[in-house]
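*Asks:* Pasted the sequence and its predicted model underneath.
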Amino acid sequence: MQDTYRLIGFVAVMIGLVFAVLAQSWVKTRLFLFRDTSMIKQYIIGFIFLMIGAFFFYLSGTFN
């Protein structure tokens, strides 16, 4: 079960990084993939996914 939590955490962190980093730097990605939402909204969504990923990493015992 811990490996499942670690995998879910990894996927959530990667999605958060896509929202936070790639959405601000690649204009075509922002226009077509994210429907050109505001930068603040993209940062908030990315931060939420990063926190979800960190929570699942914590559940899996990665930080112990």
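*Replies:* In hand now; what should we look at? Numbers count the residues shown, from 1 in each chain.

*Asks:* all contacts plus neighbour counts: C-alpha atoms, from now on.
*Replies:* Will do.

*Asks:* list the helices and strands the longest helix seen in the chain packs on?
*Replies:* Secondary structure of the chain read by DSSP state H shows that its longest helix is helix 39-60. Helices and strands touching helix 39-60, by 3 or more C-alpha pairs under 8 Å, 6 or more residues apart in numbering; DSSP states H and E, are helix 2-17.

*Asks:* Would you mark the buried spots in the helix it packs on?
*Replies:* Within helix 2-17, the residues that qualify as buried by neighbour count (16 or more other C-alpha atoms under 10 Å) are 5-17.

*Asks:* Lowest pLDDT pick from the residues you listed?
*Replies:* Among the buried residues of helix 2-17, L17 carries the lowest pLDDT, at 84.

*Asks:* OK, contacts around that one?
*Replies:* For L17, the contacting residues are G46, L50, taking C-alpha atoms under 8 Å, 6 or more residues apart in numbering as the criterion.

*Asks:* Give me the distance between it and M51.
*Replies:* With distances taken as C-alpha to C-alpha, to the nearest Å, L17 is found 11 Å from M51.

*Asks:* correct me, but A12 touches G46?
*Replies:* No. Distance between A12 and G46: 9.2 Å, which falls outside the contact criterion (C-alpha atoms under 8 Å).

*Asks:* So, low pLDDT: which residues of the chain?
*Replies:* Applying pLDDT under 70 to the chain picks out residues 22-37.

*Asks:* Measure how far the longest helix of the chain is from the centre of its chain, please.
*Replies:* If you compare the mean C-alpha spot of helix 39-60 with that of the full chain, they lie 5 Å apart, counting by C-alpha atoms, centre = their mean, to the nearest Å.

*Asks:* who's in contact with it?
*Replies:* With C-alpha under 8 Å, 6+ apart as the contact definition, helix 39-60 has outside contacts at 1-6, 8-20, 23-24, 63.

*Asks:* one step back: could you dump the buried residues of helix 2-17 to a markdown table with distance to K41?
*Replies:* Conversion of these to a markdown table gives the following (distance: C-alpha to C-alpha, whole Å):
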| residue | distance to K41 |
| --- | --- |
| Y5 | 26 |
| R6 | 26 |
| L7 | 26 |
| I8 | 23 |
| G9 | 21 |
| F10 | 22 |
| V11 | 20 |
| A12 | 17 |
| V13 | 17 |
| M14 | 17 |
| I15 | 14 |
| G16 | 12 |
| L17 | 14 |
